[in-house]
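Colleague: below are the sequence and a predicted model; questions follow.
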Amino acid sequence: MSFASLQKQLLTTTWLFKRGNVLIIHHHKEYEYMFTAADLLGLEYFTVLKYDSSTNLFEIQSNNTKHYWQLIPRKGGYDLMHKHEEPSPYHYQTSFGTLFDAVLDIVDHDEYQMRNRKPVKYKWQLNGSYFDILIKKYGFGA
């Protein structure tokens, strides 16, 4: 069975996504919580370099990889910009519909870098990851 057909079958009751080579299935729960700027500012995972509350623009640094990130608000979501070192220019990484999705992508990127750029091969490699901690805390709908 293909990933796409399995995803369609499970869409109504579960969340399905891939992290590396591992297929993760989480049973859907209803969450009424929305991940906000205050939540991002409160995460010890990042050092906040700049935050403009009038535009909701963030510049943060991962405390794990020391990579720099800008989350630039746009209509319908955020553009994610990335660089490895302070003097380097930012480059476009990707776009997301929510702030929480952008944060999850940064954490996933960090975990990939900390695995020496190797994909996840086994589900046990995800145990206790910060990505999973965020999912358990805020849910998928944050």
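Modeller: Received the coordinates, thanks. This one's a predicted model, so the numbers in the text were calculated from it and none came from an experiment.

Colleague: now do the buried residues in the biggest helix by length in the chain.
Modeller: Taking DSSP state H as the criterion, the chain has its longest helix at helix 99-114. Going by neighbour count (16 or more other Cβ atoms under 10 Å), the buried part of helix 99-114 is 99-112. To be clear about C-beta, it is placed using only N, CA and C from the backbone, and glycine gets the same treatment.

Colleague: check stretch 132-140 too.
Modeller: Under the neighbour-count criterion of 16+ other Cβ under 10 Å, stretch 132-140 has 132, 134-135, 138-139 buried.

Colleague: that one - what's its average pLDDT?
Modeller: The pLDDT scores in stretch 132-140 average 81.

Colleague: same check, this time on stretch 35-54
Modeller: Predicted confidence along stretch 35-54 averages 94 (mean pLDDT).

Colleague: end-to-end on that stretch?
Modeller: In stretch 35-54, first residue to last residue: 17 Å (Cα to Cα, to the nearest Å).
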